[in-house]
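Next come a sequence and a model predicted from it.
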Amino acid sequence: MASQPIKPSLAGNASQSQRTSQPGLRYPSNGKTIYHRPLNRSRTQELSQASFAYLFGEMVSYAQKRVTGIQDLEKRLNVQGHPIGLKLLDLLLYREPPRTQNRPLNIIALLQFITTILWRHLFSRPADALEKSSNPDTPDEYMISDNDPLVNQYISVPKEMNQLNCAAFVAGIVEGVCDGAGFPARVTAHSVGKGEEGELWPGKTVFLVKFQQEVVEREAYLPKN
Amino acid sequence: MSYYFAIIGTQDNPIFEYEFGTSKQGGDGIARFPEQARHMNQFIVHSSLDIVEEVQWGGGQMYLKCIDRFYNNYVSCFITGGNVKFLLLHAPSQPAVANTTRASTSIAANPTSPQIEEAIKQFFTEVYENWVKTIMSPFYQVNMEVKSPVFRARVAAAGKKYL
Amino acid sequence: MVNFNEERVVYALIIINKAGGLIYQRDFAEGLNKLNINDYLVLAGTFHGVHAITTRLHPLHPPPPPSSERPDPPSGIEVLETENFRLQCFSTLTGTKFLLFTEPQQPNVDKVMGKIYELYGDYVMKNPFYQLEMPVRCEGWERRLVGYLRVLNSR
């Protein structure tokens, strides 16, 4: 079956010549490609959290195969999220009203885009906090807090892996947005739901965003507005 | 008026290119770059990337308008959130070429006029919509060449509609 | 008054996998004899065997099934009552059994069981680190189960 040539449609000469030059290309039977679908979605179109939970569970299991350690596992989850961030950056900017359809130019604008627009798109609510590192030695570090990350809702990490936080996937998405927007950064997820705060939010996670040196340097000479 | 449109990735790598002519004022949509200058288009467009890098941090808007000029070639730029550049080189028909009268009466005679600026903006906006659809494909990775004939047809349609 | 409170107590939960192995056991109220882990395993295995036998014991001929549907399999033991406690057994479609030990007068045991099954479906079965048929050690499940039953027992 696979060796059968693709049946040319009646779409006209131009597209036929395109097809013969690209033998690997196939069209859906109804002729509708991704270009025929709208980019906007209505507010009510939400996904089932259960189906996401099963999908994400399988992604975690997949990432766990032949893994060398916790760090490696978090790295793999991060890598799975990264391209999503790159894609969402442009999709969400596209959906912004034309007046505010602006590329983020400084760190604060970028992080506000992430904690409000990106977070609302992914989790239907903004992030719980955004802070700058108070340590003068690390002016390149910012913290985004989420009291109860949606991706971890049904996940219980075994004791022997207690360094692991599966929200590394979300960290990858955030990293993708930062990289895409021209603010190369390293983003990691850390569980902080311990001690007295842990009573209220046992799953609390902090996303540590560490920008590269060049970003901080550029920030210094860009006009402030 | 002849156009050369290119999409440049984040590593200054070309992702897509398309050459076309105006369809306004009875144009037939075919590019008429002088044969000896045609191969220069890529160089001109790529040399304007340095200017894009200077301009892009000056303001947050995506459409950067006309950013560069090389003799009779004008380069307009649109930069996406993901730092991908759409570059459009537009070369008004040379008065020396046969149809002088048409060229002088058309708005194309002044490539930085507000009408042209607006037309290019609309062209870019439509391409941007299709670009976002391209990158939403799960099989598309950053900086990959765009081979979709549907995308090419959409760019061609936008060129025909606005330019 | 004291009695009234005591009438509504969920004592303990046991989960048995489809092979008869004990995969979860927890007490929720004071006053139960503590067994050692081996005894719990024996209890689970014995109940599993008895349950299997009861699914075969059938004093009546089953009514002929409607031709289009498969008949429900016989359910086996559903309730076991004594003067001190009541044992409700819920067997899932995949053969996992939930045993709930309550006061004999505990109302709405079906609802309680349904809620526990829901928590199990969410916080055990959706957890990528849980291996099927293995002992349940999930912090999220533990936290929500205990939270739910603590509220129920203190009402």
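Good, I have the coordinates.

Tell me which residues touch the residue nearest to residue A:67 when sequence neighbours are not counted, please.
Among residues not flanking residue A:67 along the chain, residue A:73 sits closest, at 4.7 Å (Cβ to Cβ, 6 or more residues apart in numbering or on different chains). (Each C-beta comes from the backbone N, C-alpha and C, glycine too.) Contacts here follow Cβ atoms under 8 Å, 6 or more residues apart in numbering or on different chains; on that basis residue A:73 touches A:63, A:64, A:67, A:164, A:168.

Relative to chain B, which of those is nearest.
Nearest to chain B among the contacts of residue A:73: residue A:63, at 17.4 Å, using Cβ to the nearest Cβ.

got a pLDDT number for the closest one?
We have a pLDDT of 94 for residue A:63.

OK, contacts around the residue of chain B found nearest chain A?
At 3.1 Å from chain A, residue B:60 is the closest residue in chain B, using Cβ to the nearest Cβ. By Cβ under 8 Å, 6+ apart, the residues touching residue B:60 are A:102, A:103, A:104, A:105, A:109.

circling back: now restrict the contacts of residue A:73 to buried residues only.
Neighbour counting with 16 or more other Cβ atoms under 10 Å in any protein chain shown marks A:63, A:64, A:164, A:168 as buried within these.

Assess the claim that the third one and residue A:155 are in contact.
Going back to what we said before, that points to residue A:164. No: the pair residue A:164 / residue A:155 is not scored as a contact, 9.5 Å apart, by Cβ atoms under 8 Å.

now, among the contacts of residue B:60, which is nearest to residue B:154?
Distance ranking of these against residue B:154, using Cβ to Cβ, places residue A:103 first at 23.1 Å.

looking at this, that closest one is in a strand?
No: applying DSSP: H, G, I helix; E, B strand; the rest coil, one finds residue A:103 to be coil, outside a strand.

Tell me the buried residues in the helix or strand hosting residue A:71?
Taking DSSP states H and E as the definition, residue A:71 sits inside helix A:70-95. Buried residues in helix A:70-95, defined by neighbour count with 16+ other Cβ under 10 Å: A:70, A:73-78, A:80-94.

for stretch A:155-164, same thing?
For stretch A:155-164, a neighbour-count test (16+ other Cβ under 10 Å) marks A:155, A:156, A:157, A:164 as buried.

Enumerate the residues of chain A near chain B.
Within reach of chain B by Cβ under 8 Å from any Cβ of the partner chain, chain A has these residues: A:15, A:18-19, A:22, A:25, A:33-35, A:37, A:39, A:83, A:86-87, A:89-91, A:93-94, A:101-105, A:109, A:180-182, A:218, A:222-223.

Now do the contacts for the residue most central in space within chain A.
For chain A, residue A:173 is the residue whose C-alpha lies nearest the centre (Cα atoms, centre = their mean; 2.1 Å). Applying Cβ under 8 Å, 6+ apart, we find residue A:173 in contact with A:81, A:82, A:84, A:85, A:88, A:118, A:122.

With residue C:50 instead?
residue C:77.

Okay, and it sits in which element?
helix C:37-56.
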